[in-house]
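Enquirer: Model the structure of this input:
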Amino acid sequence: MTDSVSTPALRLLGTPADELRVAAVGTSEVIRVGQNPSAAGPDAARAVHSKIDMHHHYCAPQWREWAVHHGLITQDQLPPWTRLGIADAIRFMDGAGITTAVLKPMLPARYRSSAQLREAVNITLQSMIEVTTSHPGRFSYYVPLFLDDPEASSWAVRRGLGQLGAVGVNVTANYGGVYLGDRAYDRVFHELNEFSAVVDTHPHNLPGCPPGASSVPGIPNFMCDFLLDTTRAAVNMISNRTLDRFPDVSVVLPHAGGFLPYIVTRLQALGRFCEPRVEPAAVRDHLSRFYYDTAGPMAPAATLLEHVPADHVLFGTDWPAAPADTVTDLALPALEADPSFTPEQLQGIYHGNAMRLIPQLANA
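Expert: From the prediction side, this is the model:
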């Protein structure tokens, strides 16, 4: 596998002796890339829309075909909405007043080797580049990292941030039960710090939950477990002083930080029982430095804003995992009507905060 973006041949990389490793970034969302989507041009869209969607899932159709070809996934493992295409994405964005979406790449599979993982990442990167170049101004993208593979992650950081113009990286809250903030990830975080990288996070199943199964029968894992997964990652980063050790990294917590805003007092009071010990000042400091997206839909923001500056809140939809009507009929009206936000703060959430965090979006 080379650093070339192209993948001229699909081949099974690795041997039967390679260890089977679980590597899943987020969930199995997909946008199918169309050749001739019927959508307004970016200039027309920009004239009437102003929102930047910082939580917009993407699973490359080229990756899906490659993964099926190599027996890494089957078609029935992907939810029905993975059949939605890029024309559907643009139609949704236009209806919701979204100018630009930052793609969160998803590559859920059991990879047989580090080389095979690199090929999967490369296929996804090429797909996202094709989307962004085919639809100027409408999309940017994150680089997917698998922190349980430091070599592949280091390569992906150099490739995506250093060469291809990605606007940040996407990671999951835990890999095999090892959460963000763990010193095992320091090597990659040192590199991310050198790039002053935006580190977008996403939850997944809690450790020990079998793939495809609910930890509580009848309750989807995204209902409660995802929020706990994000909360665990945030507390572990606070405990290990991640933002102090890597001060130029900006970490985005999805779904308004999960349960984190609601356990601040508990964490300040009882953090001395954590290892390393959590100091109350560290809790306040990290909460004010994390970024939070509104995907969910999120609860009323009063509790969040007790601990978080409004300019660290970013607009996110969770589309297509969240259906379009959930966003337009429920999440957006609730956000607009939330009395905790001033009109100026809402404008920042929709657009200005993301632009300050990621100035490259001006050139999307």
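Enquirer: immediately after the helix or strand where residue 88 lies, which helix or strand?
Expert: Element membership of residue 88, judged by DSSP states H and E, is helix 86-96. Using DSSP H and E, the helix or strand that follows helix 86-96 towards the C-terminus is strand 98-105.
Enquirer: Could you give the average pLDDT over that following strand?
Expert: Computed over strand 98-105, the mean pLDDT rounds to 97.
Enquirer: tell me the contacts of residue 314?
Expert: 52, 54-55, 252, 291-294, 349, 353-354, 357 (C-beta atoms under 8 Å, 6 or more residues apart in numbering). Every C-beta, even on glycine, is put in place using the N, C-alpha and C of the backbone.
Enquirer: just checking, which of those belong to helices?
Expert: Using DSSP state H, 353-354, 357 are the members of the contacts of residue 314 that sit in helices.
Enquirer: Now do the helix or strand where residue 68 lies: distance to the chain's middle.
Expert: Element membership of residue 68 [criterion: DSSP H and E] is helix 61-69. Taking C-alpha atoms, centre = their mean, to the nearest Å, one finds helix 61-69 lying 21 Å from the centre of the chain it belongs to.
Enquirer: And stretch 103-112, by the same measure?
Expert: With C-alpha atoms, centre = their mean, you get 12 Å for stretch 103-112.
Enquirer: do stretch 190-202 as well
Expert: For stretch 190-202, the distance to the chain centre is 12 Å (C-alpha atoms, centre = their mean).
Enquirer: Also stretch 214-224?
Expert: For stretch 214-224 - counting by C-alpha atoms, centre = their mean - the centre lies 20 Å from the chain centre.
Enquirer: For it, report the contacting residues that lie outside it.
Expert: So stretch 214-224 is contacted by 27, 205-206, 209, 225, 321 (C-beta under 8 Å, 6+ apart).
Enquirer: Of all these, the one with the weakest confidence?
Expert: residue 27 (34).
Enquirer: quick one: low-confidence parts of this protein?
Expert: 1-49, 364 (pLDDT under 70).
Enquirer: how about the strands of it, start to end?
Expert: Ranges of strands within the chain are 21-23, 51-58, 98-105, 109-111, 139-141, 143-144, 169-172, 174-175, 178-179, 198-202, 250-253, 291-293, 313-314, based on DSSP state E.
Enquirer: Partner strands of the last one, with direction?
Expert: Read that as strand 313-314. strand 291-293 (parallel) (DSSP bridges).
Enquirer: for the stretch 251-364 of the chain, what spans make up the helices?
Expert: Using DSSP state H, counting those that start in this stretch, the helices found in the stretch 251-364 of the chain span residues 264-270, 280-289, 302-307, 324-326, 332-337, 343-347, 353-357.
Enquirer: Name the residues of the fifth one that come out as buried.
Expert: Read that as helix 332-337. 332, 334-335 (16 or more other C-beta atoms under 10 Å).
Enquirer: out of those, who's nearest residue 308?
Expert: Checking these against residue 308 by C-beta to C-beta gives residue 335 as the nearest, at 15.2 Å.
Enquirer: related to what we said a few turns ago, adding distance to residue 158, write the helices of the stretch 251-364 of the chain out as a markdown table.
Expert: Converted to a markdown table, the helices of the stretch 251-364 of the chain look like this (distance: least, C-beta to C-beta, whole Å):
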| stretch | distance to residue 158 |
| --- | --- |
| helix 264-270 | 35 |
| helix 280-289 | 26 |
| helix 302-307 | 35 |
| helix 324-326 | 36 |
| helix 332-337 | 37 |
| helix 343-347 | 36 |
| helix 353-357 | 22 |
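Enquirer: Out of those, which is the most enclosed?
Expert: For these, average neighbour numbers computed from mean count of other C-beta atoms under 10 Å are highest in helix 353-357, which has a mean of 19.
Enquirer: What lies in contact with that one?
Expert: Outside helix 353-357, the residues that reach it (C-beta under 8 Å, 6+ apart) are 52, 54, 102, 198, 250, 291, 311-315, 361-362.
Enquirer: mind listing what residue 104 touches?
Expert: Counting by C-beta under 8 Å, 6+ apart, the residues that residue 104 touches are 26, 29, 55-58, 142, 170, 200, 202.
Enquirer: that older thread, now the contacts of residue 314 as TSV including distance to residue 230?
Expert: TSV is the format used below for those (distance: C-beta to C-beta, whole Å):
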residue	distance to residue 230
52	21
54	15
55	12
252	10
291	13
292	10
293	11
294	14
349	19
353	19
354	19
357	18
